[in-house]
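Trainee: kindly return the folded structure for what I paste below:
(one chain, ligands or ions: 1)
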Amino acid sequence: MYWQAELECMDRGELELLQLERLQATLNRVTRNVPLYRTRFSDLGLDPYDLQSLEDVRKIPFTTKDDLREHYPYGLFAVPLRDVVRMQGSTSTPGKPGVVGYTVGDIHRWSHLAARILVAGGVTKDDAVQIAFNYGLYTSAFGIHSGAELLGASVIPSSSSDAQRQILIMQDYRSTALTCSPSYALHLADTLDELGINKTALSLRFGLFGSEPWTEEMRQEIEARLGILATDNYGLSEITSVAGECLQRDGLHINEDHFLAEIIDPLTGQVLPVGHKGELVLTTLTKEAFPLIRFRTGDLTTLMDSECACGRTLRRMSRIPGRSDDMLIIRGVNVFPSQINEVIISTGLMDPHYQIVLDRVGQMDRATLCLEAPESFCTDSIKESQRILENVRLRLQTALGVTFEVRLVEPRSIDQQYGGRVLDKRTLI
Ligand code: ZN
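Mentor: Have a look, this model is predicted:
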């Protein structure tokens, strides 16, 4: 049930002492070895040893994705290259991707963190773990791979091969756990249907999904169609395996002995109390090659302080509804495209194709949802179509607090390439 019970179920006071000790050591290391941090701290007159409590970390400026870009490729490494045993790309910096280095110790710790997430999601050494993430410069596959090996499970590195081949492997190798992105899991479910294979022909028991925001509705659909228990996990290419759900599936336990998590208001940078939604800021506490201090992840979440029935004391974070840079502000209300998607799916429309168009009438924002008519609409009465549109409109209003005009458009008339799912004309007006 646990991978490292002594750490995952630690007394809160002891955990915070450990965090403070590790924070001081990390700050000391970056002051010595990373010019960016050395300059920043000395400009502010900050001495790492002056930090007496975890709250004192708030005196330190944030590290941003721009910092990563400006110090590409090796400017933020805190060890000489001869001590780096692996390099991977970081995906979340727009433009040129960043590069992240790992020492032997970093890889070892990362494996333990991934093993924790696997065990929390139900995986044991008796499982065969099919890893359908791409093996390449980006990190999704590697952490899970080494974590599963450390755990003693059988690793099936199927990588990102085509869906039919994944299913062939899944059947023949009798995979019991699947790790990939949630949207790929749904694609595999579609392929199963196309091939006429019943889910009972598979041996799958658990699915561990991450690398993109997904919804509770998607979880239910994946579970029903693949016959598995699905958990969410969260990591960043710059940081490694940050958090994962236990089988209670009520928030993701953060690996707080290795990362210090804060939530800030994305606009003001002010730290928000536990229970408030804001941008996740992470400080690595044990990384040697690529430590990051108060790194702004761009991901929005809420920290949860309540006890978890699984017994882990590591604080949880809510699932990520979207990135702060994806956030739309419509008539002063913060809205994420993923929330809109969730509402539309909750009305029972399967795989809806739609586009959100934002423009202005006078000074007022106008939000329009253009929904492609599903094939079934052709045979439905106009009255029935109107009822469905009204239902979507009401649900959007209730869930988001924003009034949308909902229009039906011809099937296959929306060009997803142009403007993607959101076409914000307000910036063009
Ligand atoms: Zn739990």
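Trainee: and the residue in the stretch 151-300 of the chain positioned nearest to the ion, how many neighbours?
Mentor: Across the stretch 151-300 of the chain, the shortest distance to the ion (CB to the ion) belongs to Cys246, at 3.3 Å. Bear in mind the C-beta positions are built from the backbone N, C-alpha and C, glycine included. Residue neighbour count, defined by other CB atoms under 10 Å, stands at 26 for Cys246.
Trainee: which residues touch the helix or strand hosting Gln339?
Mentor: Using DSSP states H and E, Gln339 maps to helix 337-346. When contacts are defined by CB atoms under 8 Å, 6 or more residues apart in numbering, helix 337-346 is touched by residues 213-218, 321-322, 326, 328, 352, 354, 356, 369, 371, 392, 395-396, 399-400, 421-422.
Trainee: which members of those residues are classed as buried?
Mentor: 213-215, 218, 321-322, 326, 328, 354, 356, 369, 371, 392, 395-396, 400 (16 or more other CB atoms under 10 Å).
Trainee: tell me the least confident of the residues you listed?
Mentor: Minimum pLDDT across the buried ones among the contacts of helix 337-346 is recorded for Gly322, with 65.
Trainee: just the buried ones among the contacts of helix 337-346: which are in helices?
Mentor: 218, 392, 395-396, 400 (DSSP state H).
Trainee: relative to the ion, which of the residues you listed is nearest.
Mentor: Using CB to the ion, Met218 comes nearest to the ion of those, at 20.8 Å.
Trainee: that closest one contacts Pro182, correct?
Mentor: Yes - in terms of CB atoms under 8 Å, Met218 counts as a neighbour of Pro182; the distance is 5.4 Å.
Trainee: what lies in contact with the helix-or-strand element of the chain with minimal mean pLDDT?
Mentor: Least confident helix or strand of the chain, by mean pLDDT, DSSP states H and E, is strand 333-335 with a mean of 78. Residues external to strand 333-335 that are found in contact with it (CB under 8 Å, 6+ apart): 327-329, 400-402.
Trainee: and of those residues, the nearest to the ion?
Mentor: Nearest to the ion among the contacts of strand 333-335: Met327, at 28.4 Å, using CB to the ion.
Trainee: can you give me the buried ones in stretch 128-138?
Mentor: 128-133, 138.
Trainee: then stretch 222-231?
Mentor: Going by 16+ other CB under 10 Å, stretch 222-231 has these buried residues: 222, 225-231.
Trainee: could you identify the most distant pair in those?
Mentor: For the buried residues of stretch 222-231, the farthest-apart pair by CB to CB is Arg225 and Thr231; their separation is 16.2 Å.
Trainee: export only the CA atoms of stretch 215-223, formatted as CSV.
Mentor: What follows is stretch 215-223, C-alpha atoms only, in CSV (Å, rounded to 0.1, in the frame of the first residue of the first chain):
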residue,chain,number,x,y,z
THR,A,215,-11.8,15.8,-16.1
GLU,A,216,-13.7,13.6,-13.8
GLU,A,217,-16.0,12.7,-16.7
MET,A,218,-13.0,11.5,-18.7
ARG,A,219,-12.0,9.4,-15.7
GLN,A,220,-15.4,7.7,-15.5
GLU,A,221,-15.4,7.1,-19.2
ILE,A,222,-11.9,5.6,-19.2
GLU,A,223,-12.7,3.4,-16.2
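Trainee: which residues are contacting it?
Mentor: 182-183, 185-186, 189, 207, 209, 228-230, 232, 249, 319, 338, 341-342, 345-346.
Trainee: now stretch 152-166
Mentor: Contacts for stretch 152-166 (CB under 8 Å, 6+ apart): 118, 123-135, 141, 145, 148-149, 169, 173, 175, 177, 187-188, 190-191, 195.
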